[in-house]
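Enquirer: Let's see this in three dimensions:
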Amino acid sequence: MSACLSLGTICWGLCFILFIFLPNFSKLHLPRRVHLGTKTHPQQRICCHIVAPKAPTKPIQDPRDMHSRTLIGMTLLLASCRGIEHPETPLIALTPVEYNNSIRDLFGMPDGGAAWPDPPEIAARFTAGQGEQAGLFGGEASKTSPWPWPLPDEAKVDGFDGIYEGQGPSAYKMEELQKAAVHFASYSLVSSVFFSCNQWADQSTETQATCGWESVKRFAQRAYRRPLTDDERSRLKALWQSNWDAGTPEEAVVLTTAAVLQAPQFLFKVERGDEDLRRRGILPLSDWEMASRLSYFLWDLSLIHI
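Expert: Below you'll find the predicted structure:
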């Protein structure tokens, strides 16, 4: 692996050893100025460096228990992740596990496909035809669980997924993502958390249009893990209106939701940084991007609810 990976590994090890396993470290004088710099490498490994101190300050208070030292160590590590260099930020796709976990939480479904509700009748109009679902040599297709979707595995790097070098695109994966989007989009009609109004199917056409748009917009914000930009909102509104005018209310909801699930903003962890906080060539992550990175790092899913 690269030098950055080696330095990042050493940095992690030193931080935890010093703060967790060395009780006497808390009695040492810290530098007057500690600079935690980061550089996002294609492997997304963390590198940190410490600027030489000008003068010692008071010793920090002695954290006498393991829990306190652990919290300090984790705080230091998380702080070191804050800055990213914009030109070198790779575009990382959701792994199959992250994708399926995100889908489950977006629709508020249980953890287990067997417990999912039956899809609405409209789902049969959008799912793959019998020929596409047929098994080997035209045999009968095997019945699978509605969740998780069996996306192809990544070409892992040193046994790890979610690494830029191991995420090559393929026509097969693009086709599976399209099928998965249409498959899961139909569950918006039976989801308990999708619509922003009660009993959407029983409302008047005018109320369905208003509530349907608000629900799709809220769903897109949760899928993108941040508020929509003005341009994104305008384009999504135009797509919704086009689908609404061309078909039934149910079709408009399903097709617009399927489009959101195929958008790069959902399929990739897009990190543009916060230009208002740029300092000395360092472009920090925005609050939304930091929350998304941490939630996927710790739990393989997004905990952002807008």
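Enquirer: Count the neighbours of residue 275 for me.
Expert: As a burial measure, residue 275 scores 10 neighbours (other C-beta atoms under 10 Å). C-betas here are computed from N, CA, C, even on glycine.
Enquirer: swap in residue 245?
Expert: Residues lying near residue 245 (other C-beta under 10 Å) number 8.
Enquirer: can you tell me which residues contact it?
Expert: By C-beta atoms under 8 Å, 6 or more residues apart in numbering, residue 245 lies in contact with nothing.
Enquirer: now residue 109
Expert: Neighbouring residues of residue 109 by C-beta under 8 Å, 6+ apart: 103, 115-116, 147, 187, 191.
Enquirer: And for residue 173, nearest residue in space, chain neighbours not counted?
Expert: Distances taken as C-beta to C-beta, 6 or more residues apart in numbering place residue 152 nearest to residue 173, at 5.4 Å, with adjacent residues excluded.
Enquirer: just residue 259 next, same as before
Expert: Nearest residue to residue 259, sequence neighbours excluded (C-beta to C-beta, 6+ apart): residue 239, at 6.0 Å.
Enquirer: Which strand or helix spans that neighbour?
Expert: Element membership of residue 239 [criterion: DSSP states H and E] is helix 230-246.
Enquirer: Could you pull out the buried residues of stretch 269-281?
Expert: In terms of neighbour count (16 or more other C-beta atoms under 10 Å), stretch 269-281 has its buried residues at 269-271, 273.
Enquirer: which other residues reach it?
Expert: Defining contact as C-beta under 8 Å, 6+ apart, one finds that stretch 269-281 is touched by 84-86, 89, 91-94, 264, 283-287, 289, 292-293, 296.
Enquirer: So which residues of this structure form strands?
Expert: Along the chain, counting by DSSP state E, strands occupy 83-84, 92-93, 268-269, 283-284.
Enquirer: Show me what the second one is packed up against.
Expert: In this case it means strand 92-93. strand 268-269 (3 or more C-beta pairs under 8 Å, 6 or more residues apart in numbering; DSSP states H and E).
Enquirer: rewinding a little: where's the residue nearest to residue 259 relative to residue 293, distance?
Expert: For residue 239, the distance to residue 293 (C-beta to C-beta, to the nearest Å) stands at 28 Å.
Enquirer: Then residue 285?
Expert: 7 Å.
Enquirer: what does residue 169 give?
Expert: Counting by C-beta to C-beta - residue 169 and residue 293 are separated by 22 Å.
Enquirer: who's more crowded, the two?
Expert: Legend: neighbour count by other C-beta under 10 Å for residue 169 and residue 293, higher for residue 293 (18 against 8).
Enquirer: Can I get stretch 268-279 as CSV, trimmed to CA atoms?
Expert: Extracted as CSV, the C-alpha positions of stretch 268-279 are listed here (Å, rounded to 0.1, in the frame of the first residue of the first chain):
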residue,chain,number,x,y,z
PHE,A,268,-22.3,8.0,-4.4
LYS,A,269,-21.0,9.7,-1.3
VAL,A,270,-20.6,13.1,-2.9
GLU,A,271,-18.3,15.4,-0.9
ARG,A,272,-17.9,18.9,-2.3
GLY,A,273,-16.8,20.6,0.9
ASP,A,274,-17.9,23.9,2.4
GLU,A,275,-16.4,26.8,0.4
ASP,A,276,-17.3,29.2,3.2
LEU,A,277,-14.9,27.4,5.5
ARG,A,278,-11.9,27.1,3.1
ARG,A,279,-8.7,28.0,4.9
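Enquirer: just to revisit the earlier point, hang on, isn't the residue nearest to residue 259 packed against residue 258?
Expert: No. Residue 239 is beyond contact range of residue 258, at 10.5 Å (criterion: C-beta atoms under 8 Å).
Enquirer: which secondary structure elements does the lengthiest helix in the chain contact?
Expert: Assignment by DSSP state H gives helix 205-224 as the longest helix of the chain. In this structure, helix 205-224 makes packing contacts with helix 96-106, helix 230-246, helix 249-261, helix 264-267, judged by 3+ C-beta pairs under 8 Å, 6+ apart.
Enquirer: which one of these lies closest to residue 201?
Expert: Proximity to residue 201, assessed across the helices and strands packed on helix 205-224 by C-beta to C-beta, is greatest for helix 249-261 (8.0 Å).
Enquirer: sorry, back to before: let's have the strands of the chain in JSON lines, adding mean pLDDT.
Expert: Shown next, in JSON lines, are these (pLDDT from 0 to 100):
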{"stretch": "strand 83-84", "mean pLDDT": "47"}
{"stretch": "strand 92-93", "mean pLDDT": "96"}
{"stretch": "strand 268-269", "mean pLDDT": "96"}
{"stretch": "strand 283-284", "mean pLDDT": "88"}
